[in-house]
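Asker: model the following, please.
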Amino acid sequence: MSEDGHEPLLLTAAAGLLGAYCALERALFELTGAAAADPEDSAAAAVLLASWSIEHAWHAELFADRLPVTAALEPGPLVELPGPLSETFERLAGARPLARLAGLVRVVLPRLLLTYGRHLAATSPGVDGPVRRALTLVLRDEREEWEAGEALLQGSFADEATVGSVGQWAVDLERQLVRGGIGAGLVAWPGRRA
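Answerer: Numbering: from 1, shown residues only. Take a look at the predicted model:
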């Protein structure tokens, strides 16, 4: 039994989640790395995004290292971006800098925190030690990213019109995820929608 009283995840379900997390973190590494090089971004945003990119690369490695390898379970095919997230990340990549930051800070990071927190709550200390440690480290990093990103975003609003347009863009991104079948979080929990 996990800490929250739920049944522990089966190996194949846990492996599927870890593969999705690895793909997500790789996509975030690429997105934030490319965004850091965007000449339209402020110097403060470029520095922040570059640091996030490095963290996301490390997170992808953490999750890849925890993928189980068995005769019946090959880890390679598990590392796949879930559902409509490819389209979401493409949309983020093509967005203006402030809108991209809002999408990351107000849509992606909160959903990522929910996803990883839900998984951590379903783990068992005796069985899932390495996964628990990885999730705990990644959750800490993601919370710090969210706080720093939110502070930068709020400090970047020059007027009410900017607040409205950037806010609407984030709402539209959220709608896209919901239309694509993503409920809570970014990765569907085994047996349920995300």
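Asker: can you pull out the low-pLDDT segments for the chain?
Answerer: Along the chain, segments meeting pLDDT under 70 span 1-8, 70-76, 191-194.
Asker: swap the cut-off to 90 and go again
Answerer: Counting by pLDDT under 90, the ranges of the chain that qualify are 1-16, 41, 67-84, 123-128, 158, 180-184, 188-194.
Asker: so which residue is smack in the middle of it?
Answerer: Centre of the chain computed as the mean C-alpha position; nearest residue by CA atoms, centre = their mean is residue 112, 4.0 Å away.
Asker: can you give me the helices in this structure?
Answerer: Secondary structure of the chain (DSSP state H): helices at 11-36, 43-65, 85-93, 97-103, 109-121, 129-156, 160-179.
Asker: most packed of these?
Answerer: Sort the helices of the chain by mean neighbour count, taking mean count of other CB atoms under 10 Å, and helix 97-103 sits at the top with a mean of 23. Where C-beta positions appear, they are placed from N, C-alpha and C, glycine not excepted.
Asker: before we move on, the earlier item: quick check: the residue nearest to the centre of the chain vs residue 148, distance?
Answerer: Taking CB to CB, to the nearest Å as the criterion, residue 112 is separated from residue 148 by 15 Å.
Asker: go through the helices of the chain and name the closest to residue 77.
Answerer: In this view, those are compared for proximity to residue 77 by CB to CB, and helix 11-36 is the closest at 7.8 Å.
Asker: other SSEs contacting that closest one?
Answerer: Here helix 11-36 touches helix 43-65, helix 85-93, helix 109-121, helix 129-156, going by 3 or more CB pairs under 8 Å, 6 or more residues apart in numbering; DSSP states H and E.
Asker: tabulate these (JSON lines), appending distance to residue 17.
Answerer: Shown next, in JSON lines, are the helices and strands packed on helix 11-36 (distance: least, CB to CB, whole Å):
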{"stretch": "helix 43-65", "distance to residue 17": "9"}
{"stretch": "helix 85-93", "distance to residue 17": "14"}
{"stretch": "helix 109-121", "distance to residue 17": "6"}
{"stretch": "helix 129-156", "distance to residue 17": "9"}
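Asker: out of those, which is closest to residue 102?
Answerer: Judged by CB to CB, the one of those that comes nearest to residue 102 is helix 129-156, at 5.9 Å.
Asker: returning to that earlier point: present the helices of the chain as TSV; the columns should include distance to residue 79.
Answerer: As requested, the helices of the chain are arranged in TSV below (distance: least, CB to CB, whole Å):
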stretch	distance to residue 79
helix 11-36	5
helix 43-65	7
helix 85-93	13
helix 97-103	23
helix 109-121	16
helix 129-156	15
helix 160-179	21
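Asker: out of those, nearest to residue 190?
Answerer: It's helix 11-36; of the helices of the chain, that one is closest to residue 190 (CB to CB) at 3.9 Å.
Asker: centre of the chain versus the closest one, how much separation?
Answerer: Averaging C-alpha coordinates over helix 11-36 and over its chain gives two centres that are 7 Å apart (CA atoms, centre = their mean, to the nearest Å).
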